[in-house]
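> Sequence and computational prediction follow.
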Amino acid sequence: MKRIYTLLGIMFFSSLGLFAQEANDCDVNLSLEHDYIVARKYDEALKYWDKLIKDCPKHSEAIYADGTKIFKSKLKKAKKAKDEAGKKAYLDKLMQLYDQWIAYFPNSKNLAKIYHDKGLLMVDNKIGTAEEKYNIFTKGYQLDKNKFTNPKAIYGFFDAAVDMYKNQKLTFEDLINRYDELSASIEKLNEKYTMEMERLQKKEDAGELMKKEEKRLKAIRKNLPVYAIVANNMDKILGELGDCKHLVPLYKRTFEANKNNATWLRKAAQNLSKKDCSNDPIFEKLVVQLDNLEPTFSSKYFLGILNEKKGRINTAIKYYKEAISLADKAYDKAKIYFKLARLSEKKGQKSQARSYAYKALEYKPSMGSAYLLIGRLYASSANQCGNDEFTKLSTYWLAASMADKAARVDPAIAKRARKKAAYYRAKAPGKTEIFMKNMAGKKVPMKCWIGGSVTVPNK
């Protein structure tokens, strides 16, 4: 009996040693494989990766993270070489990898991102049905909305949702709810990157921007406008489904069931306002109920819109000012001050409009539209602010400088702002006039409501 126990003991410890050796082999292969991944030597990495996926599929998530890098690289090369067979093989491999990753690591903290990336792969390569893409994106989105940062993924998700509705696999209410959620995600991301851009631009102006930050700022300026494009494209593919003809009956039908739900009321009012349905009685019903239930920035803002639509401008201004006092977020205050600036512009109150526009810029320095409004105010005053033709036309240089600022701080409108700046400069005095009057580099005083002065260009 003693001998039997001894043999069992030997077998037990031998098996432990075997398992330890296997684990050690997995660690060694993973380390070697990952070193090649870091060096972007994917063919060399693949030799070790093949052993890992065969012998240690549950050893580490790094196997799958590295595997996606290997096969995405090979997919890119196959596309470049127009190798259709290779392209299909690598796409199949990547899809399989994502499925294995999910199966072997169901509690991964990266699960939302894995679903996001799998769906994005399908969107980028036009594979899978709308239902497959929708279901994959839904799983990821439900796990963690904050992982949905890629604009293509957001657009692909909504595009799939529209197809699902058209194929009667989603109700119209579900489609609008998805639209609301994804729109909110875009707004959140846009705000996050805008705030980062403003912080970096402030350092840039002070000459304190580091090399790494300079690169980051350049990337944000390039990519930030994409979120606005995605939001516009979502509206386009929603098309007529998102117009008053469809939204008004939906909110009339569902009002009673949701009248004590402030979040629902706010989203409904926002959609009706966005689609210019604020003239319909249901909009008033929604915003009055929202204000009774939860008087906040949103309710006062929508009451301002309601009264502005009805032509009750003074009442609208009252509600807009109440909205400012209740706003917690700087960007919300900026939005209202810009509204007030536009209302003052319409009333011909140019000085007041400029004051409100600068107020908006205090809370959102990247609001290029506020600079464009100020430029527009200056340009419209060209015939009022000078004793002679040269002085009057000099106002356009001031207007152009505002458009320049708009282009610099707001990548989303930079192209339009640069065109506006060029338009204003074309209307200002030309080189011949500057030379004839010997005004190059001199200051021209602005004696009307504008005040201050403008410097004449040297060339």
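The structure has been received and is ready for your questions.
> Give the ranges of residues in the chain that sit below the confidence cut-off.
Low-confidence segments of the chain, defined by pLDDT under 70, span residues 1-23, 459.
> could you redo the last one with a cut-off of 50?
Filtered on pLDDT under 50, the chain yields the residue ranges 1-21.
> how's it carved up into domains?
Here the domain parsing of the chain from automatic domain parsing is 26-108, 329-459.
> among those, which is the most enclosed?
Stretch with highest mean neighbour count among the domains of the chain: domain 329-459 (a mean of 18; mean count of other Cβ atoms under 10 Å). For glycine as for every other residue, the C-beta is placed from the backbone atoms N, C-alpha and C.
> if we can go back for a sec, could you export the domains of the chain as JSON lines, including distance to Pro249?
Listed next are the domains of the chain as JSON lines, based on distance: least, Cβ to Cβ, whole Å:
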{"stretch": "domain 26-108", "distance to Pro249": "40"}
{"stretch": "domain 329-459", "distance to Pro249": "29"}
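> between those domains, which one is nearest to Asn177?
Relative to Asn177, the nearest member of the domains of the chain by Cβ to Cβ is domain 329-459, separated by 23.1 Å.
> contacting residues for Pro225?
By Cβ atoms under 8 Å, 6 or more residues apart in numbering, the contact list for Pro225 reads 411-412, 414.
> Between these, which sits nearest Thr68?
Pro411 (30.4 Å).
> how near is that closest one to Asn223?
Separation of Pro411 from Asn223 (Cβ to Cβ, to the nearest Å): 9 Å.
> Same question for Lys447.
Counting by Cβ to Cβ - Lys447 and Asn223 are separated by 44 Å.
> ditto for Lys188
15 Å.
> So for those two, which sits in the more crowded spot?
The neighbour comparison of Lys188 against Asn223 (other Cβ atoms under 10 Å) goes to Lys188, with 15 against 12.
> Report the secondary structure element holding the more buried one.
When secondary structure is defined using DSSP states H and E, the element that contains Lys188 is helix 172-205.
> Show me which residues of the helix or strand that that helix is followed by are buried.
Proceeding N to C from helix 172-205, the next assigned helix or strand is helix 211-238, under DSSP H and E. Neighbour-count burial for helix 211-238, with 16 or more other Cβ atoms under 10 Å as criterion, is recorded at 217, 220-221, 224-227, 230-231, 234, 238.
> same check, this time on stretch 275-285
Of the residues in stretch 275-285, those buried under the neighbour-count criterion (16+ other Cβ under 10 Å) are 275, 277-278, 280, 282-285.
> now do stretch 242-256
Residues 242, 244, 246-248, 250-251, 255 are the ones in stretch 242-256 that count as buried (16+ other Cβ under 10 Å).
> Name the surrounding residues that touch that stretch.
By Cβ under 8 Å, 6+ apart, the list of residues contacting stretch 242-256 from outside reads 172-173, 176, 179, 235, 240, 268, 271-272, 275-277, 280, 282, 285-286.
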